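Chemist: have a look at this fold, sequence not included:
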């Protein structure tokens with residue numbers, strides 16, 4: 001089952017890692033500015049860095065709880081500003097934005113779970129917490 005957790009982390013993180021480079025393109029910055037994002041030329045690249053750092057953190061299982069909180073901080077404002085289906089006048093666009101909004105709500109739930117439970121067994125976090133083999137051997141000798 002530990003491989004399932006690893007696969008789940010990688011699948012979850014992939015959307016953030018793949019989308020992050022777009023946050024540095026003029027097209028995406030202009031789209032955000034048109035959607036009313038304040039200081040879009042600064043906010044969009046910063047959000048791209050947050051998405052990339054959080055995604056890599058979760059995929060690698062390195063400081064996963066911090067990476068998950070980065071994604072929470074990324075998802076909340078992006079979801080509310082970029083997928084505000086309640087403001088769409090076109091029914092098709094409203095439906096599309098609602099689907100994107102709900103997708104982000106699901107991603108937010110996953111990020112919150114990771115912020116609580118962490119990366120799981122096959123991760124750099126688990127490796128960092130594991131006692132060094134020499135220390136484990138010394139503990140065994142002392143208790144015998």
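Modeler: It's in. In this text the structure is predicted, and so the values were computed from the model without any measurement.
Chemist: which secondary element of the chain has the worst mean pLDDT?
Modeler: Lowest mean confidence among the helices and strands of the chain (mean pLDDT, DSSP states H and E): helix 133-143, at a mean of 56.
Chemist: could you measure residue 2 against residue 33, distance?
Modeler: According to CB to CB, to the nearest Å, residue 2 stands 44 Å off from residue 33. For glycine as for every other residue, the C-beta is placed from the backbone atoms N, C-alpha and C.
Chemist: now do residue 16
Modeler: 22 Å.
Chemist: so the two - more neighbours on which side?
Modeler: residue 16 (26 against 15; other CB atoms under 10 Å).
Chemist: where in the protein is pLDDT low?
Modeler: 132-144 (pLDDT under 70).
Chemist: switch to 50 and redo it
Modeler: Applying pLDDT under 50 to the chain picks out residues 138.
Chemist: need the helices for it, in chain order.
Modeler: 2-19, 26-34, 40-60, 64-82, 91-117, 124-129, 133-143 (DSSP state H).
Chemist: tell me the buried residues in the first one?
Modeler: The reference is to helix 2-19. For helix 2-19, a neighbour-count test (16 or more other CB atoms under 10 Å) marks 5, 6, 9, 12, 13, 16, 17 as buried.
Chemist: what's that helix packed up against?
Modeler: helix 40-60, helix 64-82, helix 91-117 (3 or more CB pairs under 8 Å, 6 or more residues apart in numbering; DSSP states H and E).
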